[in-house]
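**Q** sequence and predicted structure below; questions after.
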Amino acid sequence: MLPSRAWELALGGLIVFARPIRHRLAAEVAAFAGILLILASVAALGADHPFPGVAALPCCLGAALVIWPKGHPTVMARVLSLRPMVFLGLISYSLYLWHWPILVFFRHYTNGEPPSALESALLIALSLAISIASLRYIETPFRRPRGVTRVVTTGVATMAAMLTLGLVLVAAEGLVWRIPAAASAVRSNKVMQQWKCPRPTLEGLEGNLECVVGAPWDKAHRRAVVWGDSNAQHFKHLLDDVGKRSNVAIAIWHGCAPHIDNERVRQHNAKQPDRSEKCAASRRKILDWIARTKPDIVVMSASWLGVATTTYHRDLGKRSGETGRELMRDGLISTIGEIGAGPEIIILTDVPYFRSNPTPCVFGKLSGLLRRPCDESKTTLLASDVLRRHGPTNRVLQRVADATGARLIPINANMCRNDTCITELNGEFIYRNRNHIRINLQVNTRSALIVATGLGRLFVLARHQAADAVQ
């Protein structure tokens, strides 16, 4: 347990010193309220809630109210004293230890898919069976040792061996030699983002600077800044190649969608409550830098589809895709107006989004390990479905381009010219999750992807304008 969670254990320990609740009705209310708090936590907590922390308080308080000493037996106490409940209590620690690895290994086998109702029942039964055996053959003998020295020695030696094995496996990033190179390249999000930035710093642009790519900044014919969130960052390896070919230096500013200013537009992020404030600070900084430095090109790229559903004006409860797209249109037009005349503005649409992360299925297929075969639909993108989902956002970005004179590069449309969208090039799967491109692609795959996305023509107009200016 992390030190930050020590209060959870301490809360139970403090109950030892609590005075018993003597009043019968108060005791019943306390026990019933405790059960309600525990059940409310089970029902309310989800993947979007940060846990532990404050979210752990209701269930911990609930448990404390249930076990609080009482002067009279309560209904809840009688229920919890039933033999099946007592039996669950006996195996609870073993169940706590064993259920997690069982679920984790099962999710690996299913390539991340959650278990069905039948599978869940079988997993629960397996966890119970192993927990009963663990209680019988591990916990009970350990609690009643025949020789204390032998038990302690065996326990310490086992823990030391497991710790050593764990450290070795972590340092080696697993037993990578077991899988082919193609599978190794997609084995983790960390691996799929491996790429050495040629220039990680730029004077006057500190903070959210991701990388400087393309031609050398001080020698390039043109200078550009790519401004956006992680959907700007995932193009950096492609932009490096494009910039070198076009003699354009490119600074990649990795923060938020450009129109989030914490005044007209705010963004909800349950795991990052101060997201809007950080976006606004990042926005002010890059706008000031653009005004001082006067780059030739400003490229805007973001997770437009995701941003549309998470942004709002003042009332968080009123956010919707339609409202978010209206805020996107007005906010981008305003932002481009703040940039002013001078730089060419280019807007990139999203890459085609999967509905769920396809890479576990890709890894499972390539690895040759024991995995449940995935349905082909998990790694395929139908153009009709992609363009239907991205269509409303694409139309908003086109209206922004029409209103401001910006140039729009329709990346998702470019990648979906046939019945299915491009997900694989030169034998390499190009995605690292549902909506980001892999960074660790081979050189020939990067070249093919530049053509497929339309990024090869990103700076063509700027180059022609530069030639006209010289003439």
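**A** In hand now; what should we look at?
**Q** contacts, neighbours, all on C-alpha from now
**A** Will do.
**Q** show me what the helix or strand L90 falls within is packed against.
**A** Assigned by DSSP states H and E, L90 falls within helix 83-109. Using 3 or more Cα pairs under 8 Å, 6 or more residues apart in numbering; DSSP states H and E as the contact criterion, the secondary-structure elements in contact with helix 83-109 are helix 117-134.
**Q** who's in contact with the helix it packs on?
**A** Contacts of helix 117-134 from elsewhere in the structure, counted by Cα atoms under 8 Å, 6 or more residues apart in numbering, are 91-92, 94-95, 98-99, 102-103.
**Q** 7 Å instead?
**A** Residues outside helix 117-134 that contact it (Cα atoms under 7 Å, 6 or more residues apart in numbering) are 91, 94-95, 98-99.
**Q** picking that back up, tell me what angle the helix holding L90 forms with helix 117-134.
**A** With axes from the mean of the first three to the mean of the last three Cα atoms, to 10 degrees defining the directions, helix 83-109 sits at 120 degrees from helix 117-134.
**Q** now the contacts of helix 117-134 as JSON lines including distance to N357, pLDDT and neighbour count?
**A** Below are those laid out as JSON lines (distance: Cα to Cα, whole Å; pLDDT from 0 to 100; neighbours: other Cα atoms under 10 Å):
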{"residue": "I91", "distance to N357": "36", "pLDDT": "92", "neighbour count": "20"}
{"residue": "S94", "distance to N357": "33", "pLDDT": "92", "neighbour count": "21"}
{"residue": "L95", "distance to N357": "30", "pLDDT": "93", "neighbour count": "21"}
{"residue": "W98", "distance to N357": "27", "pLDDT": "93", "neighbour count": "17"}
{"residue": "H99", "distance to N357": "25", "pLDDT": "93", "neighbour count": "17"}
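**Q** now do the helices in the stretch 351-471 of the chain.
**A** If you assign secondary structure with DSSP state H, counting those that start in this stretch, the helices in the stretch 351-471 of the chain sit at 359-367, 383-404, 411-414, 443-453, 460-470.
**Q** could I get those helices as JSON lines with distance to Y353, mean neighbour count and mean pLDDT?
**A** Shown next, in JSON lines, are the helices of the stretch 351-471 of the chain (distance: least, Cα to Cα, whole Å; neighbours: other Cα atoms under 10 Å; pLDDT from 0 to 100):
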{"stretch": "helix 359-367", "distance to Y353": "13", "mean neighbour count": "21", "mean pLDDT": "93"}
{"stretch": "helix 383-404", "distance to Y353": "7", "mean neighbour count": "18", "mean pLDDT": "96"}
{"stretch": "helix 411-414", "distance to Y353": "9", "mean neighbour count": "21", "mean pLDDT": "96"}
{"stretch": "helix 443-453", "distance to Y353": "14", "mean neighbour count": "17", "mean pLDDT": "96"}
{"stretch": "helix 460-470", "distance to Y353": "27", "mean neighbour count": "12", "mean pLDDT": "46"}
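**Q** turn those helices into JSON lines, including distance to N208.
**A** Below are the helices of the stretch 351-471 of the chain laid out as JSON lines (distance: least, Cα to Cα, whole Å):
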{"stretch": "helix 359-367", "distance to N208": "28"}
{"stretch": "helix 383-404", "distance to N208": "24"}
{"stretch": "helix 411-414", "distance to N208": "24"}
{"stretch": "helix 443-453", "distance to N208": "25"}
{"stretch": "helix 460-470", "distance to N208": "25"}
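**Q** ok, which of these comes nearest D330?
**A** Relative to D330, the nearest member of these by Cα to Cα is helix 383-404, separated by 8.1 Å.
**Q** counting by contacts, list what the closest one packs against.
**A** Contact analysis of helix 383-404 by 3 or more Cα pairs under 7 Å, 6 or more residues apart in numbering; DSSP states H and E lists helix 304-310, helix 321-339, strand 407-409 as its packing neighbours.
**Q** I'd like the distance from it to the chain centre, please.
**A** Between the mean C-alpha point of helix 383-404 and the mean C-alpha point of its chain there is a distance of 25 Å (Cα atoms, centre = their mean, to the nearest Å).
**Q** and for stretch 318-327?
**A** 22 Å.
**Q** quick one: average confidence on it?
**A** Mean pLDDT, taken over the full extent of stretch 318-327, equals 90.
**Q** got the domain ranges for the chain?
**A** Residue ranges for the structural domains of the chain, counted by automatic domain parsing, are given in the record as 3-171, 189-470.
**Q** okay, the ones you listed in a markdown table with distance to I179 next?
**A** Supplementary listing: the domains of the chain in a markdown table, determined by distance: least, Cα to Cα, whole Å:
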| stretch | distance to I179 |
| --- | --- |
| domain 3-171 | 15 |
| domain 189-470 | 5 |
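**Q** out of those domains, which is the most enclosed?
**A** domain 189-470 (a mean of 18; mean count of other Cα atoms under 10 Å).
**Q** looking at this protein, which helix or strand is least sure?
**A** Here the helix or strand of the chain ranked lowest by mean pLDDT, DSSP states H and E is helix 460-470, holding a mean of 46.
**Q** for N414, give me its contacts.
**A** The contact partners of N414, taken as Cα under 7 Å, 6+ apart, are 452-454.
**Q** between those residues, which is closest to N357?
**A** Nearest to N357 among the contacts of N414, with distances taken as Cα to Cα, is T453, at 20.4 Å.
**Q** contacting residues for that closest one?
**A** Under the criterion of Cα under 7 Å, 6+ apart, the contact list for T453 reads 411, 414-415.
**Q** how does it look with 8 Å?
**A** Taking Cα under 8 Å, 6+ apart as the contact definition, T453 lies against 410-412, 414-415.
**Q** distance check, the residue lying closest to T309 once chain neighbours are set aside against I91.
**A** The shortest distance from T309 to any non-neighbouring residue, by Cα to Cα, 6 or more residues apart in numbering, is to G321 (4.5 Å). In this structure, G321 lies at 47 Å from I91, with Cα to Cα, to the nearest Å as the measure.
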